[in-house]
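Colleague: coordinates only, sequence not included:
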């Protein structure tokens with residue numbers, strides 16, 4: 001210690017906080033020049049950089065994805081109903097600074113001099129669309145371009161198949177009600193094409209100016225019209241306005257965003273966000289481990305200094321204050337430097353990925369920077385503080401006796417601090433208590449299991465290695481001699497490699513699963529309102545035109561009345577979403593797309609009085625064949641040997657209403673009560689763009705009730721013209737096009753996939769930092785051992801070989817344990833979080849141990865080469881100083 005530092009230390013006996021801070025800064029500067037703080041500061045800066053960089057990127061990407069997904073509504077929020085909302089609501093939205101637009105949608109017949117056609121008419125105001133673009137062409141199936149001005153008064157834009165259906169060309173006249181309109185454009189794409197139900201999408205689109213509607217005299221009392229007010233603006237303002245609307249509304253209107261409207265898009269976004277969150281959490285935990293390891297080494301190297309401070313009059317509390325000041329100084333430096341580097345990292349990411357992220361990202365918010373600062377604070381005081389707190393218990397006798405070490409406050413204190421810090425970090429980052437507790441509990445449990453496995457494998461493996469040659473014996477003796485440290489190294493390496501393997505496997509499975517959900521042959525048209533007498537003819541028509549025919553499902557609306565004689569509960573009574581989950585099938589077939597389809601009946605209350613019972617109608621079907629992407633998880637499928645009176649229930653729905661196998665359910669169908677027994681339960685893949693049902697009955701149960709049929713088909717490009725011939729032969733059927741929805745989901749998959757690859761790379765960097773920190777934690781002891789071995793005549797080649805064997809052995813064990821942990825973690829994540837089917841990854845059982853061996857051996861050997869290259873005499877002199 002320098003004379004100046006000694007005088008400062010002596011003066012601390014009655015020092016003020018300012019004096020203690022000056023001492024801390026002097027010590028900080030001395031340690032920085034000596035290189036002791038560089039690794040700790042690097043770990044902290046990397047933690048802030050990783051978290052702020054990932055948070056900045058994911059924050060902007062997630063907000064951009066949500067904004068991009070909002071194009072499916074043509075707005076950020078949509079207020080809809082069967083009656084026109086009060087005009088005052090538009091005025092209030094404008095007063096709050098929101099952009100607004102109006103839409104009126106209805107089914108109508110249009111005419112030309114040669115033919116007529118049932119179309120889905122939509123009248124829009126000049127501001128439409130608020131999000132997304134209108135794509136038009138000058139000729140049917142011609143090159144598309146963007147024109148968001150919308151049709152002028154007296155003009156209409158029509159989809160391509162309207163023109164041949166009516167025998168018209170661009171510039172001809174089309175008749176709608178009492179109005180005459182010039183066809184000026186071919187409508188190629190509208191952002192919210194999939195909105196509404198069967199009647200709002202009863203045919204090809206005709207887009208018109210909202211000011212032209214009164215002249216048509218189409219809308220009369222009793223007409224089925226969907227009114228929509230569109231809103232766009234800042235999220236905070238939208239939330240305030242939404243609260244205001246709910247206070248004003250009498251329940252006849254529905255205000256929703258893209259997550260409420262499209263369960264398929266909501267699922268895609270939720271999966272992507274869950275993966276981005278999971279990757280970021282791995283980075284946070286790995287950064288915390290790196291800080292804990294480097295802080296421990298820093299603490300051990302300061303035992304002598306703390307002992308000297310005590311001999312010069314410092315109290316335990318003053319020593320704690322000095323090192324607290326050092327940590328506080330490091331915190332400020334790490335936050336500033338890490339935030340700047342995090343910004344640069346995220347800008348570099350955007351530069352690299354600008355070609356694969358075809359959306360404009362919003363401006364960055366300050367939240368990621370606050371998150372980075374909070375991460376540094378929690379990491380520092382949860383992972384670095386416990387080792388440094390032990391310094392105040394260092395005995396002054398250590399000045400004379402080097403074997404004395406500081407007695408920790410408690411053997412469990414570092415673990416309590418670490419687990420608490422990890423929990424706070426994850427809770428703050430995920431905003432989900434359940435995920436946080438599960439993840440921390442899982443990591444703690446895995447750590448205990450891995451520690452036990454590491455100890456046993458090390459004991460067995462090192463014992464076998466002692467019987468090998470001299471380099472092996474030297475390596476294994478080092479492993480046995482540092483058994484606790486070796487167990488810790490295997491544990492840390494295992495957790496790090498397990499995190500990386502889990503992320504890599506999950507990324508691959510998630511993307512493959514997403515791509516499998518929407519293959520190239522995914523149907524893009526739903527055909528509905530098909531009568532039983534039309535099914536055979538339509539199948540022949542499709543076959544004659546070489547169009548692959550998918551199954552035709554009979555469909556009726558059924559309301560569940562009772563379960564085992566008791567009134568049936570509503571499955572989403574406890575959810576915020578009042579309408580519950582709507583399937584593509586139900587949105588296609590619903591007669592009231594903007595309101596929950598329900599009937600009123602009565603039930604007996606506890607006091608004996610009658611009260612209304614809400615009965616929710618669901619589209620149901622019957623079939624002998626199990627539909628694709630449906631898997632029976634309880635009971636068995638009836639197959640061709642089916643008996644009437646049985647029903648299959650979707651698993652989640654059954655759990656919500658408390659239904660079990662063998663329960664008796666009573667449904668109301670077409671004013672008749674139908675009884676069925678629960679024969680099996682199924683899981684359903686809701687996002688496969690196929691007809692899916694909560695209830696499937698056995699054949700013979702509902703056959704006599706006069707159903708309509710539903711089917712799907714794939715038509716692209718000019719093949720869509722077949723719809724005109726099909727609709728001319730069967731004018732009563734309804735065709736719903738879902739191309740826009742499929743393209744939107746595929747766009748989300750592509751964008752999130754790019755983000756996933758990048759975040760996996762950042763987590764890999766954080767993992768490498770942990771590995772280096774773990775190796776560096778044993779450098780002092782290795783310097784000492786190398787000096788002794790070199791003094792006793794050991795050659796550099798022998799020592800280098802033994803180091804390589806030691807790290808390869810530890811890496812092999814870590815790879816084996818990490819592979820087991822990754823498969824177990826993947827099983828839980830796929831089955832519980834991402835709702836995927838788990839399968840073993842046989843290749844990883846080779847790749848995991850091999851990667852662990854190569855990576856740990858390479859990093860360990862590289863980091864410890866200076867141990868071999870150092871002078872034994874210089875090391876021994878330093879140790880005896």
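Modeller: Thanks, I have it. A quick note: this is a predicted structure, and the numbers were derived from the prediction, not measured.
Colleague: and the closest residue to residue 700 other than its chain neighbours, what does it touch?
Modeller: Nearest residue to residue 700, sequence neighbours excluded (Cβ to Cβ, 6 or more residues apart in numbering): residue 644, at 3.5 Å. Yep, even glycine has a C-beta here, placed from its N, CA and C like the rest. By Cβ atoms under 8 Å, 6 or more residues apart in numbering, the residues touching residue 644 are 698-701.
Colleague: Reduced to three states, what does residue 224 come out as?
Modeller: Following DSSP: H, G, I helix; E, B strand; the rest coil, the label given to residue 224 is coil.
Colleague: That one touches residue 107, doesn't it?
Modeller: Yes: because the distance of 7.1 Å satisfies Cβ atoms under 8 Å, residue 224 is recorded as touching residue 107.
Colleague: which ones are touching residue 363?
Modeller: Here residue 363 is in contact with residue 60 (Cβ under 8 Å, 6+ apart).
Colleague: does residue 165 belong to a helix or a strand, and which?
Modeller: helix 162-166 (DSSP states H and E).
Colleague: List the neighbouring strands of the next helix or strand after that helix plus their orientation.
Modeller: Per DSSP H and E, the first helix or strand lying C-terminal to helix 162-166 is strand 173-176. Strand 173-176 has the following sheet partners, assigned by DSSP bridges: strand 99-111 (antiparallel), strand 179-189 (antiparallel).
Colleague: Quick check: buried residues in strand 173-176?
Modeller: Within strand 173-176, the residues that count as buried by 16 or more other Cβ atoms under 10 Å are 174-176.
Colleague: what's the answer for stretch 232-243, then?
Modeller: By 16+ other Cβ under 10 Å, the buried positions in stretch 232-243 come out as 232-233, 237-238, 241-242.
Colleague: export those residues to CSV and tack on distance to residue 862 and secondary structure?
Modeller: Formatted as CSV, the buried residues of stretch 232-243 follow (distance: Cβ to Cβ, whole Å; DSSP: H, G, I helix; E, B strand; the rest coil):
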residue, distance to residue 862, secondary structure
232, 54, strand
233, 54, coil
237, 54, helix
238, 53, helix
241, 58, helix
242, 56, helix
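Colleague: got the residues you listed as TSV, with distance to residue 730 columns?
Modeller: Output for the buried residues of stretch 232-243, formatted as TSV (distance: Cβ to Cβ, whole Å):
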residue	distance to residue 730
232	39
233	44
237	48
238	43
241	44
242	42
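Colleague: Pick the one among those closest to residue 727.
Modeller: residue 232 (34.9 Å; Cβ to Cβ).
Colleague: What are the neighbouring residues in contact with that closest one?
Modeller: Contact analysis of residue 232 by Cβ under 8 Å, 6+ apart lists 70, 75-77, 98-99, 130-131.
Colleague: Now do the SS call for the residue nearest to residue 700.
Modeller: coil.
Colleague: Filter the contacts of residue 644 down to the buried ones.
Modeller: Burial by neighbour count, 16+ other Cβ under 10 Å: within the contacts of residue 644 this picks out 698-699, 701.
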